[in-house]
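Asks: sequence first, then the predicted structure:
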Amino acid sequence: MSQPLPTSWAFEDFAAGQVFESQGRTITETDLVTFAGWSWDTNPVHTDAVVTSGPDGRFGGPIAHGLLGMSVAMGLASRLGVFEGCSVALLGVDEWRFVAPIRPGDTVRLRLEILGARRTSGGTTGVLDRRFTLLGADDVVVQDGRIGLLVACREPGAAQPS
């Protein structure tokens, strides 16, 4: 019998080897247009359906910005509900790779694995080493990398949630 999941997560609830899987999210043409607008990255590979679908189009149509994919991965991690109450700060992005294009109409989901967890010297926070794998159709990896997170520990003597 598996143990119930905590209702309010803290550093003590995480351990290397835990894997969390998100719901899917479909990327739309509106996502590409909106991201291009607020980022000012209007590169034709993201915004020009005529050029990208023509003979010089490498991907057969517009593709999502790499950082749009990373942003969606962060949003999917948030939707998991396990980091919301305990997150203190992102610590960095390491080894991020853009493996395959994401196109409008593609549905992506996140597999997040805890690679390591260590308490900081102050004892009130801990560091989670997390592997993000953004998956497309048929579990094809489209992006992946590591994103460290500083999380709060439970106060000494605090009861474990049930």
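Replies: Great, that's in hand. Numbers count the residues shown, from 1 in each chain.

Asks: pLDDT weak spots in the chain?
Replies: Along the chain, segments meeting pLDDT under 70 span 1-7, 156-162.

Asks: if you set the cut-off to 80 instead, what comes out?
Replies: Scanning the chain for pLDDT under 80 picks out the ranges 1-7, 56, 155-162.

Asks: tell me where it has strands.
Replies: Taking DSSP state E, the strands of the chain run over residues 19-26, 87-98, 107-119, 125-135, 141-152.

Asks: so which bits of the second one are buried?
Replies: So the one you mean is strand 87-98. S87, W96, F98 (16 or more other Cβ atoms under 10 Å). All C-beta spots, glycine's among them, are computed from the backbone N, C-alpha and C.

Asks: ok, the nearest residue to T26 once chain neighbours are set aside - contacts?
Replies: Residue nearest to T26 in three dimensions, not counting chain neighbours: T107, with 4.5 Å by Cβ to Cβ, 6 or more residues apart in numbering. Contact partners of T107, counting by Cβ atoms under 8 Å, 6 or more residues apart in numbering, are G24, R25, T26, I27, G136, A137.

Asks: what's around the closest residue to C153 other than its chain neighbours, how many residues?
Replies: Using Cβ to Cβ, 6+ apart and skipping the chain neighbours, the partner closest in space to C153 is F11 (4.4 Å). Look at F11: counted by other Cβ atoms under 10 Å, it has 23 neighbours.

Asks: surely F11 meets G122?
Replies: No - F11 is not in contact with G122 according to Cβ atoms under 8 Å; the separation is 11.9 Å.

Asks: and L91, what does it touch?
Replies: L91 makes contact with V127, I147, G148, L149, L150 under the criterion Cβ under 8 Å, 6+ apart.

Asks: try it again at 10 Å.
Replies: Residues in contact with L91 (Cβ atoms under 10 Å, 6 or more residues apart in numbering) are V127, L128, D129, R130, R146, I147, G148, L149, L150.
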